[in-house]
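Visitor: Give me coordinates for this.
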Amino acid sequence: MRRFFTTVGICIGILMLSGSSVFAASFSDIEQSYAKQAIETWSKRGVIKGSGSKFYPTDFIIRGDAAVIFDKLMMYSQEDNNTFLDLGERYYTSSVLKLKKETVLLGDGKYIRPNDFITREEAAVLFAKVFKIKPSEGKSVFLDDAKISPWARGFVQAMKEGGYINGYNNRFYPKDNISREEFITILDNMVSEYLIQPKRLDGQLSPKSFLIIASGDIEVKGLQSGVNVIVTPNATGIIKFVNSSVFSIYIMQGVENLKIEMINSVVKKVENKEKSVQIVGEDGSVIDGLYDGKDSSFVPLPGTNEIQPTFPDKTIKFSKDKKDREKHSNTSNKTEGLNNQGQIDKPNELDHSKTQVSEKYIVAVEQLRRDGTLYYSSATNIQLPSKACIALKNTGENNGTESEISWSGEKIEDLKRGVKGEYFLRVAVQEELQINGENYGKVEFVVKVIVK
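Guide: Next up is the predicted model:
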């Protein structure tokens, strides 16, 4: 018979840390739990605890306890006003109000129901909102999709697509309450690393997973799996990414005295809630975010202080007027970096008197640097993209879509094999390039590619 507990004594609540040491409870009732390892991991990290020697893994979790866990995990810094009629002074009150401030846990405006059990669909929505995962469109893949509430369906599907949740026999059972062990399993599926002390992190993490950084003096090296990074308010000092490819960096509100250095590294998407926090390249230049097209990606580009990110399938708008754009974009010359015969001069020699790197166009992919150069790692074979978003170099304008492109140049096969060196390649756009109502034709231009 399942036992139900909602009192403070047995809640999964906050575990206080003392200095750099973390007390990890040894639970006597998790030996048969499939989540045993995850429970022990998050207990050691100071995010969860049970009651005495027990964790009660199969009992349901209440909304107030979930708020405490998320608050402990993300270390939220600001509370909202208490407008809820059913939220008194309890152990979870501060955490609930912090999640309200983050628009994660809102209730119906008057009631938050802190002692109600959380259903599986509610849990999916909460996790998605905490980790800034946008809902997917359309139906979910589960056979009981019709039973999923409309407000939860997109989040459930997005969580499934990320590999964070699974059902039973292709069903999700959205209205069932979620157990403590199920809740912690989702958390463990999503977070690959949780750094609360200075550390050097080498190697790979699971694709689409999250790296949460809650400390300064962190160095992440050789990360190439497209991980999402969340920087909490407890992070201070310097965080370095070396030879790494990061999908996204989310800097939470409340972060202070922090600098993020990208050394031979790229980030596709940046969301910074604290403008005092700087992300800088290896040359010391500040990296801002620029939307590069189809996949909501952001890449460092010149002049990004004038560029405002937008959303998929929309053209970036600028303060520059048409005359200013025309000054940077001579539409009568459709090729750059080519000789009179339309061929690249010595594409593998750093002779800029004969090889002109494009001053008009850039290929907006994740390997792009501020000067328009593409950087690749020599560790693996290199696959040049057959489709990419093409943007104007001086203003960053683009049409928000990817174009078919072809690559050519001497020793291009060496580049594809990952041979270290500097290459000059011709990029030919296979269709007419139209940006903000202007037709640039089938442009061809030269791109510098560095393999390190």
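Visitor: How about the contacts made by the nearest residue to Lys393 once chain neighbours are set aside?
Guide: Excluding the flanking residues, the one nearest Lys393 by C-beta to C-beta, 6 or more residues apart in numbering is Ile362, at 4.8 Å. In short, each C-beta sits where N, CA and C put it, glycine included. Going by C-beta atoms under 8 Å, 6 or more residues apart in numbering, Ile362 touches Leu301, Leu368, Gly372, Ile390, Ala391, Leu392, Lys393, Val447.
Visitor: Report the strands that pair with the one helix or strand the fourth one maps to, each with its relative direction.
Guide: Element membership for Ile390, per DSSP states H and E: strand 387-392. Strand pairing for strand 387-392, using DSSP bridges, gives strand 361-364 (antiparallel), strand 403-408 (antiparallel).
Visitor: re earlier: what's the closest of the contacts of Ile362 to Glu410?
Guide: Val447 (14.0 Å; C-beta to C-beta).
Visitor: which one of the strands paired with strand 387-392 has the lowest average pLDDT?
Guide: Note on these: strand 361-364 shows the lowest mean pLDDT, a mean of 88.
Visitor: Just give me how far it sits from the chain centre.
Guide: 22 Å (C-alpha atoms, centre = their mean, to the nearest Å).
Visitor: ok so, going back, what bridges to the residue nearest to Lys393?
Guide: Note on Ile362: beta-bridge partners by DSSP bridges are Ala391.
Visitor: residues of the strand holding Ile390 that come out buried?
Guide: Of the residues in strand 387-392, Ala388, Cys389, Ile390, Ala391, Leu392 count as buried by neighbour count, 16 or more other C-beta atoms under 10 Å.
Visitor: Stretch 132-150 now?
Guide: Those buried within stretch 132-150 under the rule 16+ other C-beta under 10 Å are Ile133, Pro135, Ser136, Ser140, Phe142, Asp145, Ile148.
Visitor: pull the CA atoms of the strand holding Ile390 into PDB?
Guide: Output in PDB follows, covering the C-alpha atoms of strand 387-392 (Å, rounded to 0.1, in the frame of the first residue of the first chain):
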ATOM      1  CA  LYS A 387      23.200  24.700 -46.600                       C
ATOM      2  CA  ALA A 388      23.900  27.800 -44.500                       C
ATOM      3  CA  CYS A 389      22.600  31.200 -43.700                       C
ATOM      4  CA  ILE A 390      24.400  33.900 -45.700                       C
ATOM      5  CA  ALA A 391      24.700  37.400 -44.100                       C
ATOM      6  CA  LEU A 392      26.100  40.800 -44.900                       C
END
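Visitor: quick check, Leu425 in a strand?
Guide: Yes. According to DSSP: H, G, I helix; E, B strand; the rest coil, Leu425 belongs to a strand.
Visitor: From Gly418, how far out is Asn82?
Guide: Taking C-beta to C-beta, to the nearest Å as the criterion, Asn82 is separated from Gly418 by 57 Å.
Visitor: go on, Lys208?
Guide: 25 Å.
Visitor: Now do the helices in the stretch 1-150 of the chain.
Guide: Ranges of helices in the stretch 1-150 of the chain, per DSSP state H, counting those that start in this stretch, are 36-44, 63-74, 93-101, 120-130, 150-161.
Visitor: Please identify which of those is closest to Gly226.
Guide: Closest among the helices of the stretch 1-150 of the chain, using C-beta to C-beta: helix 150-161, at 14.1 Å.
Visitor: pLDDT averaged over whichever helix or strand comes after that closest one, what's the number?
Guide: Next along the chain after helix 150-161, taking DSSP H and E as the criterion, comes helix 180-190. Summarised as a single mean, pLDDT over helix 180-190 is 96.
Visitor: how far out from the middle of the chain is the following helix or strand past helix 180-190?
Guide: The C-terminal neighbour of helix 180-190 among helices and strands, as given by DSSP H and E, is strand 191-195. In terms of C-alpha atoms, centre = their mean, the centre of strand 191-195 is set 14 Å apart from its chain centre.
Visitor: neighbouring contacts of strand 191-195?
Guide: 45, 47, 73, 201, 205-206, 209-215, 218, 227.
Visitor: Then stretch 77-93?
Guide: Residues contacting stretch 77-93 (C-beta under 8 Å, 6+ apart): 8, 11, 13-14, 64-65, 67-68, 94, 96-98, 100-101, 107, 109-114, 233, 252-254.
Visitor: Those, buried ones only, as a PyMOL selection?
Guide: Typed into PyMOL, the line below selects the buried ones among those, using 16+ other C-beta under 10 Å:
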select buried, resi 11+13+14+64+65+67+68+94+96+97+98+100+101+107+112+114+233+252
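Visitor: Could you confirm Val220 falls within a strand?
Guide: Yes. With three-state DSSP as the criterion, Val220 is part of a strand.
Visitor: so who does it touch?
Guide: Val220 makes contact with Leu201, Leu211, Ile239, Lys240, Phe241, Val242, Ser244, according to C-beta under 8 Å, 6+ apart.
Visitor: what pLDDT does Gln32 get?
Guide: 94.
Visitor: so how many other residues sit close to it?
Guide: Using other C-beta atoms under 10 Å, Gln32 has 8 other residues around it.
Visitor: Please shift the residue numbers so they start at 39 in all later answers.
Guide: I'll keep to 39 as the first residue from here, and by that count the last item is Gln70.
Visitor: any idea how far Val489 is from it?
Guide: 52 Å.
Visitor: next one: Lys87
Guide: Distance, Lys87 to Val489, by C-beta to C-beta: 49 Å.
Visitor: quick revisit: among the contacts of Val258, show me the least confident.
Guide: In terms of pLDDT, Ser282 ranks lowest among the contacts of Val258, with 88.
Visitor: residues touching the residue nearest to that residue when sequence neighbours are not counted, list them.
Guide: Counting by C-beta to C-beta, 6+ apart, Leu261 is the residue found nearest to Ser282 once chain neighbours are left out, at 3.9 Å. The neighbours of Leu261, taking C-beta under 8 Å, 6+ apart as the test, are Leu239, Gly241, Gln242, Leu243, Leu249, Phe279, Ser282, Ser283, Val284.
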